[in-house]
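Q: just coords:
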């Protein structure tokens, strides 16, 4: 009778105390290569996510491996323009800015890929504000500019600059301010007119209206007050 094959754990991170922290070489030579070869099941611990459709602080929840320091994703590097050479790295409220030079990742003496560091900025280039979110982007050698990459997302908890995690509220245009002011004035006038109507409908208000009417009639017939 043949022995039963050993049972392999579905996700090795279920072991207590285990931390998923692959090296640069492992990310490229094992995970990225297997993903591009179509061996999805063997690397499903890293999800494929459209990184630039989200802000960095929204990405940790989309990671399969739960961590407080780093998260991994497969992502296709889209082009900024259909026929251009620049990659799309902008989100709704910010952008990822490449810093430093693209570095080679070697396995022994062989260059197997590249590594680039990016920092997230709030706003639009070139006036964006640097944040504590950074990312390492790993790419295989000899692939197209819009090929699949692995992104290692990290958060610098010691960063002393901007810590914005929500989009800044846009200021109202001038015409919006004017409209709001006009609405407030209209509401005030309406409230005053309502108060006057309420007073005039009362008994004392009716007496006041009678006096005003009599005075007005007298002013239109001055002969009643003068005898010739």
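A: On my side now, so go ahead. For clarity, every value in this text was computed on a predicted model and none was experimentally measured.
Q: the residue nearest to residue 47 when sequence neighbours are not counted: neighbouring residues, count only.
A: Sequence neighbours aside, residue 64 is the residue nearest to residue 47 in space, at 5.5 Å (criterion: Cβ to Cβ, 6 or more residues apart in numbering). The C-beta positions use only the backbone N, C-alpha and C, and glycine is treated the same way. Residues within reach of residue 64, counting by other Cβ atoms under 10 Å, total 14.
Q: same question for the one 5 residues further on.
A: Using other Cβ under 10 Å as the criterion, residue 69 is surrounded by 12 other residues.
Q: cool, and the one 4 residues further on?
A: With neighbours defined by other Cβ under 10 Å, the count for residue 73 comes to 21.
Q: also the one 3 residues further on?
A: Summarising burial for residue 76: neighbours were counted as other Cβ under 10 Å, giving 15.
Q: do residue 142 as well
A: When neighbours are defined as other Cβ under 10 Å, residue 142 has 7 of them.
Q: where does the residue nearest to residue 47 land on pLDDT?
A: According to the per-residue confidence, residue 64 scores 93 in pLDDT.
Q: one more: residue 97?
A: What the model reports for residue 97 is a pLDDT of 94.
Q: help me confirm that it is found in a strand?
A: Yes - going by DSSP: H, G, I helix; E, B strand; the rest coil, the assignment for residue 97 places it inside a strand.
Q: I figured residue 92 hits residue 55, correct?
A: Yes - Residue 92 lies in contact with residue 55 (Cβ atoms under 8 Å); the separation is 7.1 Å.
Q: what about those two, which has more around it?
A: When residue 92 and residue 55 are compared on other Cβ under 10 Å, the one with more neighbours turns out to be residue 55, at 19 against 9.
Q: ok, that one to residue 116 distance?
A: Computed as Cβ to Cβ, to the nearest Å, the residue 55 to residue 116 distance reads 20 Å.
Q: again with residue 76
A: Residue 76 sits 15 Å away from residue 116, going by Cβ to Cβ.
Q: ditto for residue 126
A: When distances are taken as Cβ to Cβ, residue 126 and residue 116 turn out to be 19 Å apart.
Q: looking at the two, which is more packed in?
A: Shown here are residue 126 and residue 116; by other Cβ under 10 Å, residue 116 has more neighbours (18 against 7).
Q: settle this for me: the more buried one is touching residue 103, isn't it.
A: Yes - with contacts defined as Cβ under 8 Å, residue 116 counts as touching residue 103 at a distance of 7.4 Å.
Q: hmm, residue 36 is touching residue 144, no?
A: No - in this structure, residue 36 sits apart from residue 144 without contact. The criterion is Cβ under 8 Å, and the distance is 11.3 Å.
Q: more neighbours: the two, which one.
A: With neighbours defined as other Cβ under 10 Å, residue 36 and residue 144 compare such that residue 36 has more, 14 against 9.
Q: list the contacts of the more buried one.
A: Taking Cβ atoms under 8 Å, 6 or more residues apart in numbering as the contact definition, residue 36 lies against 140, 143, 147, 148.
Q: and the third one, its phi and psi?
A: In other words, residue 147. Backbone geometry at residue 147, expressed as degrees, to the nearest 10, gives phi -70, psi 170.
Q: so what's it scoring on pLDDT?
A: For residue 147, the pLDDT comes out at 88.
Q: what distance do you get for the closest residue to residue 75 other than its chain neighbours to residue 124?
A: In this structure, residue 75 finds its nearest non-sequential neighbour in residue 51, 4.4 Å apart by Cβ to Cβ, 6+ apart. As judged by Cβ to Cβ, residue 51 and residue 124 stand 18 Å apart.
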